[in-house]
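Novice: have a look at this prediction, sequence included:
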Amino acid sequence: MANSKSALKYIRKTETRTQLNRQVNSRLKTLSKKVATAAAGEDKEALAAASKEYISALDKAGKGGLVHANKIARHKARCAKLVSA
């Protein structure tokens with residue numbers, strides 16, 4: 001158990017950040033699945049909209065340091081490839 005006020009505060013901050021990061025990761029997975037289902041379908045507009053939303057979420061997650069820059073670049077390239085095909 002924590003022995004100081006600052007250690008207790010750090011524990012609270014960690015719990016809050018963990019919850020926020022969990023939400024963002026869950027949203028990224030959901031958006032990734034939306035892109036995959038849109039790619040399997042015939043509707044190009046739905047795919048473009050889903051990939052735009054997914055790319056935006058990736059960029060926001062990367063800005064906060066939650067997702068590595070190379071992973072963001074890889075997923076953005078794959079989305080662009082699906083949209084252009």
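Specialist: Everything's here; your move.

Novice: just the mean pLDDT for the longest helix out of those in the chain, thanks.
Specialist: Identified as the longest helix of the chain according to DSSP state H is helix 5-40. The average pLDDT within helix 5-40 is 96.

Novice: after that helix comes which helix or strand?
Specialist: Once the chain leaves helix 5-40, the next helix or strand it forms, by DSSP states H and E, is helix 44-63.

Novice: before we move on, the earlier item: starting at the chain centroid, how far to the longest helix of the chain?
Specialist: 8 Å (Cα atoms, centre = their mean, to the nearest Å).

Novice: give the buried residues for that helix.
Specialist: Judged by neighbour count (16 or more other Cβ atoms under 10 Å), helix 5-40 contains these buried residues: 24, 28, 31, 32, 34, 35, 38, 39. C-beta: built from backbone N, CA, C; applies to glycine.

Novice: got those as JSON lines, with distance to residue 45 columns?
Specialist: Below are the buried residues of helix 5-40 laid out as JSON lines (distance: Cβ to Cβ, whole Å):
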{"residue": "24", "distance to residue 45": "26"}
{"residue": "28", "distance to residue 45": "22"}
{"residue": "31", "distance to residue 45": "16"}
{"residue": "32", "distance to residue 45": "19"}
{"residue": "34", "distance to residue 45": "13"}
{"residue": "35", "distance to residue 45": "13"}
{"residue": "38", "distance to residue 45": "9"}
{"residue": "39", "distance to residue 45": "13"}
